[in-house]
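Novice: Have a look at this prediction, sequence included:
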Amino acid sequence: MALCCQAAVGSRLTTSARRSILRGGVLEEIPEGQAETIGQRLRRLRLERGLSQRELSERGVSYAYISRIEAGARRPSVKALRMLARKLGVSADYLETGSEIRDTDERELQIADAELELRLAENPEEAEAKLERLRIDTFEALRRSYDYLVGSGLSAGRDTPGSS
């Protein structure tokens, strides 16, 4: 109960609450193995920094828009992600994915490893198969990015931050 009250008044959350979210005044644990959504991550980071939605908001990204993102009713635009990440002191990639290393950087490292393995491999077929899996993963990631952009309305100019 004390942790819930601390979170409600904006005090910094403890490390044990890092995978918790505040819903309706009640602190709930995010089940292990369940991915944290952008909205849950935004709420957690905001509460860890002791900020209200109003304090986090800025021209073009209203507190109501932040509330809808946290509730999962809206996907943040790229502009909103960048602004929120800057104010929270994290990268936009981390706010979006929960990972400090970007997917593209991770894939580039894997490709470099696979190319080195191909040059040094006793079994070139295995290295070629690894490169082929990376190629497929890259196309799937591009497809997810495209689907995200289309789904968030960025390609058609819909769902601008701060709008209802």
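Specialist: Cool, the structure landed.

Novice: what about the helices in this structure?
Specialist: Per DSSP state H, the chain carries helices over the ranges 2-9, 38-48, 53-56, 63-71, 78-88, 92-97, 103-120, 124-151.

Novice: how about the residue nearest to residue 137 when sequence neighbours are not counted, what does it touch?
Specialist: Once flanking residues are discounted, residue 137 sits nearest to residue 107: 6.7 Å by CB to CB, 6 or more residues apart in numbering. (C-beta placed from N, C-alpha, C; glycine too.) Each residue near residue 107 by CB atoms under 8 Å, 6 or more residues apart in numbering is listed here: 134, 137, 138, 141.

Novice: Let's have these in CSV, adding distance to residue 122, neighbour count and pLDDT.
Specialist: As requested, the contacts of residue 107 are exported to CSV (distance: CB to CB, whole Å; neighbours: other CB atoms under 10 Å; pLDDT from 0 to 100):
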residue, distance to residue 122, neighbour count, pLDDT
134, 20, 17, 83
137, 24, 14, 82
138, 26, 16, 79
141, 30, 14, 77
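
Novice: Go through these and name the one nearest residue 98.
Specialist: Closest approach to residue 98 among those (CB to CB): residue 141, at 15.3 Å.

Novice: where's the closest one relative to residue 82, distance?
Specialist: 20 Å (CB to CB, to the nearest Å).

Novice: One more: residue 41?
Specialist: The value you get for residue 41 to residue 82, if CB to CB is used, is 15 Å.

Novice: of those two, who's got more company?
Specialist: The neighbour count for residue 41 versus residue 82, taken as other CB atoms under 10 Å, is higher for residue 41 (22 against 16).

Novice: I'd say that one and residue 99 touch.
Specialist: No. Residue 41 is beyond contact range of residue 99, at 10.7 Å (criterion: CB atoms under 8 Å).

Novice: Break the protein down into its domains, please.
Specialist: What the record gives for the chain is the domain set 2-100, 103-148, from automatic domain parsing.

Novice: Return the most buried member of those.
Specialist: Highest mean neighbour count among the domains of the chain (mean count of other CB atoms under 10 Å): domain 2-100, with a mean of 16.

Novice: and the contacts of residue 107 as a markdown table, adding distance to residue 123?
Specialist: A markdown table is the format used below for the contacts of residue 107 (distance: CB to CB, whole Å):
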| residue | distance to residue 123 |
| --- | --- |
| 134 | 17 |
| 137 | 21 |
| 138 | 23 |
| 141 | 27 |
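
Novice: Out of these, which is nearest to residue 50?
Specialist: residue 141 (34.8 Å).

Novice: ok, that closest one to residue 109 distance?
Specialist: 14 Å.

Novice: Sounds good, over and out.
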